[in-house]
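Asks: pasting a predicted model and its sequence here:
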Protein chains: 2
Amino acid sequence: MPQLGLLHGRAWASLLGQLLRPPRAVCMGAVHSHSQVSQTKVAEAVLMSPLKSHQEKSNFIIKTPKGTRDLSPQQMVVREKILDMVVSCFKRHGAKGLDTPAFELKEVLTEKYGEDSGLIYDLQDQGGELLSLRYDLTLWMQYPSSLTCLCEVPFARYLAMNKVKKMKRYHVGKVWRRESPTIVQGRYREFCQCDFDIAGQFDPMIPDAECLKIMCEILSGLQLGDFLVKVNDRRILDGMFAVCGVPESKFHAICSSIDKLDKMSWKDVRHEMVAKKGLAPEVADRIGDYVQCHGGVSLVEQMFQDPRLSQNKQALEGLGDLKLLFEYLTLLGIAEKISFDLSLARGLDYYTGVIYEAVLLPTPAQTEEEPLNVGSVAAGGRYDGLVGMFDPKGHKVPCVGLSIGVERIFSIVEQRMKEFFSFTFFALFYQTFGEKIRTTETQVFVASPQKNFLQERLKLIAELWDAGIKAELLYKNNPKLLTQLHYCENMGIPLVVIIGEQELKEGVVKLRSVASREEVSGGRQK
Amino acid sequence: MPQLGLLHGRAWASLLGQLLRPPRAVCMGAVHSHSQVSQTKVAEAVLMSPLKSHQEKSNFIIKTPKGTRDLSPQQMVVREKILDMVVSCFKRHGAKGLDTPAFELKEVLTEKYGEDSGLIYDLQDQGGELLSLRYDLTLWMQYPSSLTCLCEVPFARYLAMNKVKKMKRYHVGKVWRRESPTIVQGRYREFCQCDFDIAGQFDPMIPDAECLKIMCEILSGLQLGDFLVKVNDRRILDGMFAVCGVPESKFHAICSSIDKLDKMSWKDVRHEMVAKKGLAPEVADRIGDYVQCHGGVSLVEQMFQDPRLSQNKQALEGLGDLKLLFEYLTLLGIAEKISFDLSLARGLDYYTGVIYEAVLLPTPAQTEEEPLNVGSVAAGGRYDGLVGMFDPKGHKVPCVGLSIGVERIFSIVEQRMKEFFSFTFFALFYQTFGEKIRTTETQVFVASPQKNFLQERLKLIAELWDAGIKAELLYKNNPKLLTQLHYCENMGIPLVVIIGEQELKEGVVKLRSVASREEVSGGRQK
């Protein structure tokens, strides 16, 4: 057997370069959908089949806990691509990474969440501290159909505990919530959150504008379709309720009715406020005049002239900030994506200033089916009081931030993959080959048409791995060539290195494109 | 104000290229160490200061739960670099990603862990299923000083539940274990695991050899220092105990004594076996003859000729497989890193074939201080029976895999950073600049020496962001130039784009290297 030396990494790369073509993107939606279905069926079969009474091996049903699921390699590919894009945007804006434990002291969480604390997973008291799984990085409170970001408990706890006064950080992590899972909307009891926040005392609206810029960069980058970011301000909302004559005790209740305007008509919302929440009809009508308004900076100007609102100090402060914000958004090139929307209410309890929520705009087809709401995919706002609640001396650290609704985005992408909507969309996310969505990144497969070539295959693949090339072989002593080529087709591996008697004698390898069946030969160093 | 157009992304990149120099690596160990200390001090101060009795804001101590910690931006940088390297190696070998929920049904976990189940975090019974936090991806049982990988509960549950018969997958995730934290050794109650496993029926030793290749690639790539992978086989161990005359009832106890040979002398281990575990002295001596042996393939050959061991069928099977394994390891170019070590015992309960554990070899300085053990940093083995335990019909899926001890590796790297051991080591991991370890990746800072230039700064930074360049500015209307330059120095930002009256008039920007203070001017498109 001739002694074959190592081919230099760069030499390998150049050899591969001769055959690699941009991936084709065909038919993967259909194939993916099929594999998803069969996987689900298998899982169902396992779960539904009655267990035998005298099992030797397993006497319990094998499943994941309610509201949770394994993430398959296909799902992991989608997640990885989306999270990479989100995190690289956060880094582009100078954010540092931070991670906090999966559980917090129970009192840290329950102190903050009040009415929602029934949704928190507690750990059993096994002696020692009372603990609960973190409920958020940024809290997303789930109103009927919108994601509401209330506060940043672990982040606020970190800032207060370490007396950090300034920080721009991002955090990607899992959180857990004990609610009944409505899986169709992409909500589980375990899910991933992606947050970006800026803590610190700065000149007004500059960090707030950057948060909106980040939301726009991410949503544009993900190519989910047309979107709009609704903006409002807690002080304008409060001012509006005050000048319309809503009693302060009803602010919260009315606010949560207003919040439904993205999926209910004004008529129905008005009915709820008057009939169910006891608001005077004329007060409701005054509110209606405001909350049906949305527009750009001109609407801000118009509200400055509004005879009622301009009498309210709080509202004027909010309007002043929004005017400045729009100026900055214009400079950042995103003003046309932003809509001042007096119906945007969201979680009132922690926000202290500007609030925002990005929604995907329905396509014409969707508009027919479901005219009002496609759903919020990112949200955030200013919360200047929260860190102070954790600080022993109540020192405040102003914060503004955003959460990307990645679980909803994952669902949208997976749904579209199944529905096979748009090729250009997939091309962005997937290294595709032939008819498969790839769950591995293998570039080259090492094959031999001859028996007793395992040794040569192993030497060759070690050269490839050592040169940093992603490579696989079959774990068989003597696989058939056809089996090896089928594996490449199934896995979407674009290239095969083939070595046989002839190549070994000549000190070369044959490199073959799986798709085109084109072949080139290359020398190996002796 | 002249209307400034967008500079093309590539134009920006080329402008930046003029000034960017390879990062310098000076003094960062010292600085890092200092910042770590001060952070710890701040945290201590918060925790230790007696809380006032009439706090308005917070009436509980703010801390993370026992055995857990926040990961600071510095720690996150180390983790990210290490995990990137590990995962890219897994992908180079064709692995798919997989994720499982943080908790499993309690019975899934406790069925498997037996005596260790007291270490499992249970969730409180809040109605519904009884749940526990996952204890492993691969179970690492902690013997006195070695990491022992016993089994793959969530992976095995996934395979059985979905009737998957073949899969090469990696999994990176957090796991939780209620043990008393010995923080100096890098063990917490919450930690990260990195596993790679190959499930399926294949020809012998080919996937096993790939697992060892992966361990070597990762440990070489991380440049942690010299390392060795100890290899043994469960069947050789069992055969050795049998031919030495160990009663079968004592296999487990004697095995756990043997396992201590990496931190105790043979004399002490022998004493434990005879005096504490009641083994006959002549049996102990026979074992001693074997377990003090280690070497390469020649030791395998020698054991084939061993008069006692060669009489044992199990041992012969194990030796036959090891011989084949060494043949493959030679072809893969890593045989010199592997040592057949008859003292390698590890968790006997689930392994069915080859077992392995990588240890860092002590440096000469360490050998003086602590002669025996630097600690295991990766481990694994073959477990052909586990998936069958979850399968209702007991169908077996042979598996072989490995776990990278990333928490231990994180600790080693962090420790070395503090001890300021080696510059070349840091250069691998960190984008450094001046005297700082960078926790952000910002490439350019946008500054102005003049007042009322916020608008221009915002327009300029939006151009940079839109071109994919990582950029920051100060959130101030009129920051001093010195403040802006100090920020760059503190954060290690290498370049500053400066815009002032003069530049605006000429339609250019000035680009300045923070380290060299060198400046170039570049035009902006009108």
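Replies: Here it is on my side, so go on. Keep in mind the model is a prediction, meaning the values are calculated, not measured. Numbers count the residues shown, from 1 in each chain, chains lettered A, B, ... in the order given.
Asks: the spatially most central residue of chain A: what's it in contact with?
Replies: The centre of chain A sits closest to residue A:406, judged by C-alpha atoms, centre = their mean, with a distance of 1.6 Å. Going by C-beta atoms under 8 Å, 6 or more residues apart in numbering or on different chains, residue A:406 touches A:79, A:82-83, A:86, A:192-194. C-beta coordinates here come from the backbone N, C-alpha and C atoms, glycine included.
Asks: gap between it and residue A:232?
Replies: According to C-beta to C-beta, to the nearest Å, residue A:406 stands 24 Å off from residue A:232.
Asks: repeat for residue A:392
Replies: In terms of C-beta to C-beta, residue A:392 sits 33 Å off from residue A:232.
Asks: also residue A:376?
Replies: 13 Å.
Asks: neighbour count winner among these two?
Replies: residue A:232 (27 against 22; other C-beta atoms under 10 Å in any protein chain shown).
Asks: now do the same for the more buried one: helix, strand or coil?
Replies: Using DSSP: H, G, I helix; E, B strand; the rest coil, the structure places residue A:232 in strand.
Asks: thought it was touching residue A:351?
Replies: No. With contact defined as C-beta atoms under 8 Å, residue A:232 does not count as touching residue A:351 (9.7 Å).
Asks: can you give me the end-to-end span of stretch A:173-189?
Replies: End-to-end distance for stretch A:173-189: 14 Å, by C-alpha to C-alpha, to the nearest Å.
Asks: quick check: mean pLDDT across it?
Replies: For stretch A:173-189, mean pLDDT is 66.
Asks: with stretch A:397-416 instead?
Replies: For stretch A:397-416, the per-residue pLDDT averages 89.
Asks: equivalent analysis for stretch A:76-90, please.
Replies: 95.
Asks: now stretch A:309-321
Replies: Mean predicted confidence for stretch A:309-321 is 97.
Asks: again, but for stretch A:155-162
Replies: Average pLDDT, stretch A:155-162: 88.
Asks: pull out the buried positions in that stretch.
Replies: Buried positions in stretch A:155-162, judged by neighbour count with 16 or more other C-beta atoms under 10 Å in any protein chain shown: A:155-162.
Asks: where along the stretch 351-500 of chain A do the strands fall?
Replies: With strands called from DSSP state E, counting those that start in this stretch, the stretch 351-500 of chain A shows them at A:354-360, A:376-382, A:399-404, A:432-433, A:436-437, A:444-447, A:471-472, A:495-498.
Asks: the third one near chain B anywhere?
Replies: No. Counting by C-beta under 8 Å from any C-beta of the partner chain, chain B has no neighbours in strand A:399-404; the shortest distance is 10.1 Å.
Asks: how much does that strand deviate in direction from strand A:376-382?
Replies: Counting by axes from the mean of the first three to the mean of the last three C-alpha atoms, to 10 degrees, strand A:399-404 lies at 170 degrees to strand A:376-382.
Asks: go ahead and name everything in contact with strand A:399-404.
Replies: A:86, A:137-138, A:140, A:147, A:149, A:152, A:155-156, A:159, A:193-199, A:207-208, A:211, A:214-215, A:218, A:353-354, A:356, A:377-384, A:386-387.
Asks: what angle sits between it and strand A:354-360?
Replies: Going by the same axes, to 10 degrees, strand A:399-404 makes 10 degrees with strand A:354-360.
Asks: now strand A:399-404, how far from the chain's geometric center?
Replies: In terms of C-alpha atoms, centre = their mean, to the nearest Å, the centre of strand A:399-404 is set 14 Å apart from its chain centre.
Asks: what strands line up against that strand, and which way round?
Replies: Applying DSSP bridges, strand A:399-404 is found paired with strand A:190-199 (antiparallel), strand A:376-382 (antiparallel).
Asks: got the CA coordinates for it in CSV?
Replies: Backbone C-alpha positions of strand A:399-404 (Å, rounded to 0.1, in the frame of the first residue of the first chain) are rendered in CSV as follows:
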residue,chain,number,x,y,z
CYS,A,399,-34.1,51.4,31.2
VAL,A,400,-35.5,51.0,27.7
GLY,A,401,-35.6,47.7,25.8
LEU,A,402,-37.2,45.3,23.5
SER,A,403,-38.0,41.6,23.1
ILE,A,404,-38.1,39.8,19.8
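Asks: how is chain A carved up into domains?
Replies: Annotated domains of chain A cover A:73-364+A:372-419, A:444-523 [the TED database].
Asks: which parts of the stretch 151-300 of chain A sit against chain B?
Replies: A:157-158, A:160-163, A:169, A:174, A:176, A:178, A:190, A:198, A:200, A:202-203, A:206-207, A:209-210, A:213, A:217.
Asks: if any of those are buried, put those into a PyMOL selection.
Replies: Command for PyMOL that selects the buried part of those, burial taken from 16+ other C-beta under 10 Å:
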select buried, chain A and resi 157+158+160+161+162+169+174+176+178+190+198+200+202+206+207+209+210+213+217
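Asks: out of the residues of the stretch 151-300 of chain A next to chain B, which sit inside strands?
Replies: Judged by DSSP state E, these include A:169, A:174, A:176, A:190, A:198 as members of strands.
Asks: could you count how many residues lie near residue A:328?
Replies: Residue A:328 has 22 nearby residues by other C-beta under 10 Å.
Asks: how much space separates it from residue A:354?
Replies: 11 Å.
Asks: need the residues touching each of those two.
Replies: residue A:205.
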